[in-house]
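Colleague: quick one: sequence plus predicted model below, questions after.
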Amino acid sequence: MGVLFGTDGVRGIANDQLTPELAFRLGKAGAYLLGRSGERCRIVIGRDTRISGDMLEAALIAGICSVGGDCLKAGVIPTPGLSYLTRAFGCSAGIMVSASHNPVADNGIKFFGSDGFKLPEEAEEKIEELVLNDSFNFPKPVGAEVGRVYEALEGLDSYLEFLKERVRVDLRGLRLVVDCANGAASRIAPLLFSELGAEITVIHGEPDGLNINKECGSTQPQSLQKAVVELGADLGLAFDGDADRLIAVDEKGNIVDGDQIIVICGIARKRAGLLPGNRVVVTVMSNLGLKEALQQEGIEVRETKVGDRYILEEMLRSGAVLGGEQSGHIIFLDQTTTGDGLLTALELLKVFREAQQPLSVLAAQMRRFPQVLVNVRVRDKKGFQDDPEVAEVVKCAAERLGERGRILVRPSGTEPVVRVMAEGPVEDQLKEVVAEIAAVIEKKWGQ
């Protein structure tokens with residue numbers, strides 16, 4: 001990763017680290033590099049509901065137009081919807097303004113290529129080089145050559161029709177509770193599930209610019225769990241701020257995370273002959289129970305570093321069509337080009353309808369091993385990795401767990417935190433070793 005780009009675009013506190021000036025230069029550099037030779041560059045831009053989205057969108061548009069690129073404004077739309085529109089509208093590129101599941105003060109800028117895939121690292125590095133090069137002379141078109149801005153609010157409807165076409169499922173008679181995280185799913189999710197026939201109750205679907213991801217959504221689904229039980233719903237669906245993640249809740253109020261969704265969909269696809277190579281791609285953070293459940297079904301499990309970028313790379317390399325993360329960021333590569341919470345929900349609901357079993361029964365196909373995860377806020381995400389004291393406490397903890405457990409200590413790709421995770425059969429022991437490691441990291445590297 002470079003100075004600006006992390007594992008999921010450029011992230012930071014809006015108007016502090018991620019300034020309008022930086023967004024302006026990202027727009028200029030992106031349009032300059034991603035425009036097709038001999039054609040006027042055309043970029044579609046979308047955003048989530050956070051208050052800083054308007055500011056950063058305006059700066060990006062100004063940068064793009066200043067080098068002669070045209071902009072299509074899709075407005076508030078899920079990240080995977082923006083990816084789809086990049087392809088559907090025949091654009092040179094797409095830009096999403098979102099910080100996904102992060103708090104409202106954060107924001108981010110991520111680029112998609114004309115094929116709808118997130119840009120490879122090499123392309124991001126070229127953009128970054130231009131952004132940081134104050135001496136580079138960008139073109140300065142005048143008159144009719146200055147870029148134009150067009151409204152493309154029909155894009156959300158186009159994306160809605162795409163979802164209904166890709167996964168055909170009849171939801172009549174189904175009672176759903178849908179948590180929109182006060183984010184980009186707030187308009188489209190209720191439309192999607194109601195048009196497919198479900199009886200829905202929407203919670204956290206009234207964004208005000210400040211309440212995105214606030215005590216709701218895929219990272220905090222407690223209110224969804226409560227609502228599903230109180231309303232006697234069949235299941236619940238929780239999205240994050242830009243709707244590229246899905247966490248489900250079964251009829252008993254239990255969380256069904258990304259690992260379990262992958263198991264449910266992977267086994268169903270394998271039995272239906274719809275899992276090429278009988279292969280699934282996940283990250284090293286996935287629960288050991290996922291590997292156990294899939295391997296018992298004869299499904300190969302390949303592991304990557306954390307980040308959907310690395311999952312996608314391995315999927316393309318190995319020919320896998322299903323991959324994802326415990327967080328609920330799941331890719332169905334035979335359906336679309338990126339993680340899509342709404343499409344994942346439809347895939348899960350299709351299996352649910354065809355199996356005619358409660359979600360709790362489907363989720364029980366995976367035996368979950370206890371996992372303990374602690375996030376430590378740090379001032380330097382890289383420095384701790386070469387710290388001998390940290391290395392020693394991690395080594396001792398691993399020896400305590402032995403072959404029946406494992407420890408992962410890694411920096412977040414999108415936040416100033418180090419994640420300490422332990423997994424094994426005895427939860428109390430896991431809590432002890434994680435606390436010991438976290439204490440050392442916090443003492444030496446904490447903010």
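Modeller: Received it, and whenever you're ready, just let me know what you need.
Colleague: who are the packing partners of the lengthiest helix in the chain?
Modeller: In the chain, taking DSSP state H as the definition, the longest helix is helix 427-445. Applying 3 or more CB pairs under 8 Å, 6 or more residues apart in numbering; DSSP states H and E, one finds that helix 427-445 contacts strand 371-377, helix 388-401, strand 406-411, strand 417-423. Every C-beta, even on glycine, is put in place using the N, C-alpha and C of the backbone.
Colleague: pull the number of nearby residues for residue 389.
Modeller: If you count neighbours by other CB atoms under 10 Å, residue 389 ends up with 12.
Colleague: residue contacts, it?
Modeller: 440, 444 (CB atoms under 8 Å, 6 or more residues apart in numbering).
Colleague: okay, it: pLDDT?
Modeller: pLDDT recorded at residue 389 is 90.
Colleague: which residues are contacting the longest helix of the chain?
Modeller: Helix 427-445 is contacted by residues 370-374, 376, 378-380, 383-384, 387, 389-390, 393-394, 397, 400-401, 405, 407, 409, 418, 420-424 when judged by CB under 8 Å, 6+ apart.
Colleague: show me which of those residues are buried.
Modeller: Among the contacts of helix 427-445, those classed as buried by 16 or more other CB atoms under 10 Å are 370-372, 374, 376, 378, 384, 390, 393-394, 397, 400-401, 405, 407, 409, 418, 420-424.
Colleague: the helices in the stretch 251-400 of the chain, which residues?
Modeller: 258-271, 288-296, 308-318, 341-355, 359-363, 388-401 (DSSP state H, counting those that start in this stretch).
Colleague: list the helices and strands the third one packs on?
Modeller: Read it as helix 308-318. So helix 308-318, by 3+ CB pairs under 8 Å, 6+ apart, packs with strand 279-283, strand 300-304, strand 322-324, strand 330-332.
Colleague: try it again at 10 Å.
Modeller: With contacts taken as 3 or more CB pairs under 10 Å, 6 or more residues apart in numbering; DSSP states H and E, helix 308-318 sits against helix 121-132, strand 279-283, strand 300-304, strand 322-324, strand 330-332.
Colleague: just checking, next helix/strand downstream of the first one?
Modeller: Heading C-terminal from helix 121-132, the first helix or strand you meet, by DSSP states H and E, is strand 149-151.
Colleague: show me what that next one is in contact with.
Modeller: 42, 44-45, 58, 61-62, 64-65, 70-75 (CB atoms under 10 Å, 6 or more residues apart in numbering).
Colleague: show me what that strand pairs with in its sheet, parallel or antiparallel.
Modeller: Taking DSSP bridges as the criterion, strand 149-151 pairs within the sheet with strand 70-76 (parallel).
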